[in-house]
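Chemist: here is a sequence together with a model predicted from it:
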Amino acid sequence: MTISNDIKYIGVNDHDVDLFEGQYVVPLGMAYNSYAVIDAKIAVMDTVDARFGDAWLANLDAALAGRSPDYLVVQHMEPDHSANIDLFLAKHPSATVVASAQAFKFMEQFFGPDIAPNRLVVKEGDVLDLGTHKLHFVAAPMVHWPEVIVTYDSTDKVLFSADGFGKFGANDVEDPEGWDCEARRYYIGIVGKYGPQTQALLKKAATLDIQTICPLHGPVLKGEAIAHAVKQYDTWSSYGVESPGVCIAYTSVYGHTKAAALLLKDELEKRGCPKVAIADLARDDMPETVEDAFRYGKLVLATTTYNMDCFPFMRTFVEHLTERNFQNREVALIENGTWAPAAAKVIKGLFEKSKGITFVEPVVTIRSALTDATRAQIAALADALAK
């Protein structure tokens, strides 16, 4: 990837990873980005995942053409970006490590107290002078760890954005769905809880003349792609509705609740609903369904009563939503129970602390299997959701 005459891409692509962070399916692989700013002095921006240390150092050597780096800037201490700090310092012991005070605390936890004998602690507003290039540090706490800083090169007008504006997928694989889908799933899954902190960072970024964004995952963004990404981040981090539509998430034991969910989907489509996304929480990718719940303005939860609770996959799904501050949505409920339906009450309780949740009437209660009466209730629910 071309950044500028003085800024070189030295990251790596991972085609072997099965689950990112041990939970996210990444069929297109993953990119671990790192950059070198080559000036009178040289700053390396972050490292990469532990499995790619040798390849990363080889990329660095190729970019530097015999020169030695002066600084290693550590913006984020999560190991997919910091795992090779010790390997870097073993090869370049005179280099100075630049990071926030909190990052150095984490660094010592990962590597021991003797790591980085040459260190420079930076904070909001500090500037590192490389010669022509000036690196300005901006605090970004809880986007999505507390130690995070991002870095703005005022010479080439480049924002090194840490995990901000990242996406799933290796950079040498074309994403058939473009940037939005895997960037949305990445943001909501990993950063989504921290909307207010992301909003604060966006406000800081708005004061800068940014012509290039260099994230730690995914492609480098330039031109119109920056405006689009910022717009999407503003929507996602303010918990706004991105697209009109309905997300239906269901669990079903013997197929009757599934039948109700599919019937509702048909009824919504008959009423011209622009998009109906439906998912079986036991079989489909749950993070993708979480993504859809945040993307659309209306959510339907259809589930069986199980041990006087809702079905386990449904409880897990709702907890994924609430722990990410799911809010400002209309939620409809379909419950099933042969002798004591309780799922709707349980789910309402799970949303008790969530902001701006409006429950849509009617709540549909199925006793074992659909009847003409419950089919009519589903039609009425479709009417309410289609408004």
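Modeler: Happy to help now that I have it.
Chemist: what's Ile190 in contact with, if anything?
Modeler: Contacts of Ile190 were listed using C-beta atoms under 8 Å, 6 or more residues apart in numbering, and they are Glu21, Tyr24, His144, Asp163. C-betas here are computed from N, CA, C, even on glycine.
Chemist: for the residue nearest to the third one when sequence neighbours are not counted, which three-state class applies?
Modeler: The shortest distance from His144 to any non-neighbouring residue, by C-beta to C-beta, 6 or more residues apart in numbering, is to Val191 (4.6 Å). The local conformation at Val191, judged by DSSP: H, G, I helix; E, B strand; the rest coil, is helix.
Chemist: go ahead and confirm Val191 touches Thr198.
Modeler: Yes. Counting by C-beta atoms under 8 Å, Val191 touches Thr198, with 6.3 Å between them.
Chemist: any common contacting residues for those two?
Modeler: The contact lists of Val191 and Thr198 share Val143, Gly164, Ser237, where a contact means C-beta under 8 Å, 6+ apart.
Chemist: quick one: the strands in the stretch 201-350 of the chain?
Modeler: Assigned by DSSP state E, counting those that start in this stretch, the stretch 201-350 of the chain shows strands spanning 212-214, 221-222, 243-250, 276-280, 296-306, 309-310, 329-336.
Chemist: how about the CA coordinates for the longest one, as PDB?
Modeler: In PDB, the C-alpha atoms belonging to strand 296-306 read as follows (Å, rounded to 0.1, in the frame of the first residue of the first chain):
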ATOM      1  CA  TYR A 296     -31.400  -1.600  11.500                       C
ATOM      2  CA  GLY A 297     -33.900   0.300  13.600                       C
ATOM      3  CA  LYS A 298     -36.200  -2.500  14.500                       C
ATOM      4  CA  LEU A 299     -35.400  -5.900  16.200                       C
ATOM      5  CA  VAL A 300     -37.600  -8.900  16.600                       C
ATOM      6  CA  LEU A 301     -36.600 -11.600  19.200                       C
ATOM      7  CA  ALA A 302     -38.500 -14.900  18.800                       C
ATOM      8  CA  THR A 303     -37.600 -17.600  21.300                       C
ATOM      9  CA  THR A 304     -38.800 -20.500  23.400                       C
ATOM     10  CA  THR A 305     -39.100 -20.500  27.200                       C
ATOM     11  CA  TYR A 306     -36.400 -22.700  28.600                       C
END
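Chemist: how far is it from where the chain is centred?
Modeler: Offset of strand 296-306 from its chain centre (C-alpha atoms, centre = their mean, to the nearest Å): 23 Å.
Chemist: pLDDT (mean, whole number) over that strand?
Modeler: When pLDDT is averaged along strand 296-306, the result is 96.
Chemist: could you tell me the angle between that strand and strand 329-336?
Modeler: Between strand 296-306 and strand 329-336, the angle comes out at 20 degrees (axes from the mean of the first three to the mean of the last three C-alpha atoms, to 10 degrees).
Chemist: any idea of the angle strand 296-306 forms with strand 276-280?
Modeler: Going by the same axes, to 10 degrees, strand 296-306 makes 30 degrees with strand 276-280.
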